[in-house]
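Chemist: only geometry, no sequence info:
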């Protein structure tokens, strides 16, 4: 059976209830659309995360990689289009490191585009009655870093590799003033499952449907 890797992150800063790590744990060992899913909860540590992700990619040789992370303030899940070769952290990681204007990979390309069928995934969500969109920035924190690293490290021919950013869950939302936009974790899990299914089943080029933004 074809292998897939799903990643999420553990707790960091105010994100003590990180839905990405929880969803990754729930999906570990499941079979989805012909994919044998393995999951990793990645450390929110700019130095440690490379080796954890590299080991997972090397050992699994996945044909599909869906990286997930939480993005407080976003209103719905978003499939990221691009990862940039920049670490410019707005907050410290869990080891209190704050890289500023440093590359993810010395000498690496300026950016990598997602190889997931990003438009088809968004279309799949909408056909299921779920909100979602294409995002053109994965930020400059750990989510962008692991997205860039996964594209850089994954050498499986034709592999589909990309990032899905998730909103916070209702419990986290109500702890903020004003409350943040939120989506129940069960809905977010369903959308990650759909992202995996579409990535496994979509044939040929991505859909040519609107998904751009002015800013």
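Modeler: Arrived safely. Computed from a predicted model, the values in this text were never measured in an experiment.

Chemist: Give me the buried positions along the lowest-mean-pLDDT helix or strand in the chain.
Modeler: The least trusted helix or strand in the chain, going by mean pLDDT, DSSP states H and E, turns out to be helix 170-173, with a mean of 86. For helix 170-173, the neighbour count (16 or more other Cβ atoms under 10 Å) marks 172-173 as buried. C-betas here are computed from N, CA, C, even on glycine.

Chemist: by contact count, what packs against the next helix-or-strand element following it?
Modeler: Next helix or strand after helix 170-173 toward the C-terminus (DSSP states H and E): helix 185-201. Here helix 185-201 touches strand 2-9, helix 19-27, strand 31-32, strand 35-42, strand 64-70, helix 118-127, strand 160-166, going by 3 or more Cβ pairs under 8 Å, 6 or more residues apart in numbering; DSSP states H and E.

Chemist: by how many degrees do the first one and helix 19-27 diverge?
Modeler: Counting by axes from the mean of the first three to the mean of the last three Cα atoms, to 10 degrees, strand 2-9 points 140 degrees away from the direction of helix 19-27.

Chemist: Tell me how far strand 2-9 lies from the chain's centre.
Modeler: The chain centroid and the centroid of strand 2-9 are separated by 10 Å, computed with Cα atoms, centre = their mean, to the nearest Å.

Chemist: picking up where we left off before, what sits up against the least confident helix or strand of the chain?
Modeler: 15-17, 72, 179-182, 184 (Cβ atoms under 8 Å, 6 or more residues apart in numbering).

Chemist: quick one: residue 132 from residue 118, how far?
Modeler: As for residue 132, its distance to residue 118 is 10 Å (criterion: Cβ to Cβ, to the nearest Å).

Chemist: With residue 21 instead?
Modeler: In terms of Cβ to Cβ, residue 21 sits 23 Å off from residue 118.

Chemist: Of these two, give the one with the bigger neighbour count.
Modeler: Higher neighbour count among residue 21 and residue 118: residue 118, with 27 against 24, using other Cβ atoms under 10 Å.

Chemist: Quick check: closest non-adjacent residue to the more buried one.
Modeler: residue 79 (4.3 Å; Cβ to Cβ, 6 or more residues apart in numbering).

Chemist: following the host helix or strand of the one you found, which helix or strand comes up?
Modeler: Using DSSP H and E, residue 79 maps to strand 78-80. Going down the chain from strand 78-80, the next helix or strand is strand 82-84, by DSSP H and E.

Chemist: ok, that following strand: who's next to it in the sheet?
Modeler: Using DSSP bridges, strand 82-84 pairs in its sheet with strand 111-113 (antiparallel).

Chemist: tell me which strands and helices the helix or strand hosting residue 58 is in contact with?
Modeler: Assigned by DSSP H and E, residue 58 belongs to helix 49-60. If you count contacts as 3+ Cβ pairs under 8 Å, 6+ apart, helix 49-60 packs onto strand 2-9, strand 35-42, helix 142-153.

Chemist: Using JSON lines, lay out these together with mean neighbour count and distance to residue 105.
Modeler: Formatted as JSON lines, the helices and strands packed on helix 49-60 follow (neighbours: other Cβ atoms under 10 Å; distance: least, Cβ to Cβ, whole Å):
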{"stretch": "strand 2-9", "mean neighbour count": "24", "distance to residue 105": "18"}
{"stretch": "strand 35-42", "mean neighbour count": "21", "distance to residue 105": "17"}
{"stretch": "helix 142-153", "mean neighbour count": "24", "distance to residue 105": "6"}
